[in-house]
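In: dropping a prediction and its sequence here:
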Amino acid sequence: METLRIDKWLWAARFYKTRALAVEEIGKGRVLVNEQAVKPAREVRPGDRISVRQGAVVRVVLVQGLSGQRGPAPVAQQLYEETEASRLAREAAAEQRRLAAEPALSIEQGRPTKRDRRQMDKTWNARWSASVDGSAD
């Protein structure tokens, strides 16, 4: 086997859980072969350079081998070699995510409690109540 469809290779190399997901990502332009946008039927061969965008991370790998069937992860990792620059960028992005603040902590005040609502109602009614004669209570 000297060539294999890109969607099948991405599935066998465990970049995507199903071939349908691989086809969908290829269609969205998130997979490049030798710096060119491709279609799912594009043939890959050993030595090709594949860029795969997964979320915010772009992984650049060199095809080392071909396999038409999906196997265990250690076997799948032998089908490609990630470039050094790609590996360093991926690790730096993971470190930034780890050090980033928790988004939920930026919420200063959530939904008001029953006590808070009563307090707001009391303040609201005192400020905005109007009587028939036009004077406030």
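Out: Received the coordinates, thanks.
In: tell me if I'm right that Pro112 and Met120 touch.
Out: Yes: in this structure, Pro112 is within contact of Met120 by Cβ atoms under 8 Å, at 6.8 Å. C-betas here are computed from N, CA, C, even on glycine.
In: please name the bridge partners of the closest residue to Ala41 other than its chain neighbours.
Out: Nearest residue to Ala41 in three dimensions, chain neighbours excluded: Arg5, at 5.7 Å (Cβ to Cβ, 6 or more residues apart in numbering). Judged by DSSP bridges, the bridge partners of Arg5 are Glu43.
In: and the pLDDT for Arg5?
Out: Listed pLDDT for Arg5 reads 94.
In: state the distance from it to Ile26.
Out: Here the criterion is Cβ to Cβ, to the nearest Å. By it, Arg5 lies 10 Å from Ile26.
In: likewise for Val52?
Out: For Val52, the distance to Ile26 equals 10 Å [Cβ to Cβ].
In: who touches both of the two?
Out: Counting by Cβ atoms under 8 Å, 6 or more residues apart in numbering, the shared contacts of Val52 and Ile26 are Leu10.
In: the protein: strands as residue ranges?
Out: With DSSP state E as the definition, the chain shows strands at residue ranges 4-5, 31-33, 36-37, 43-44, 49-54, 57-63, 80-82.
In: quick one, helices of this protein?
Out: Applying DSSP state H to the chain gives helices spanning 6-12, 19-27, 73-76, 84-99, 114-128.
In: buried set for the longest one?
Out: Right, the one you point to is helix 84-99. Neighbour counts using 16 or more other Cβ atoms under 10 Å place 86, 90 of helix 84-99 among the buried residues.
In: again, but for the third one
Out: Judged by neighbour count (16+ other Cβ under 10 Å), helix 73-76 contains these buried residues: Ala76.
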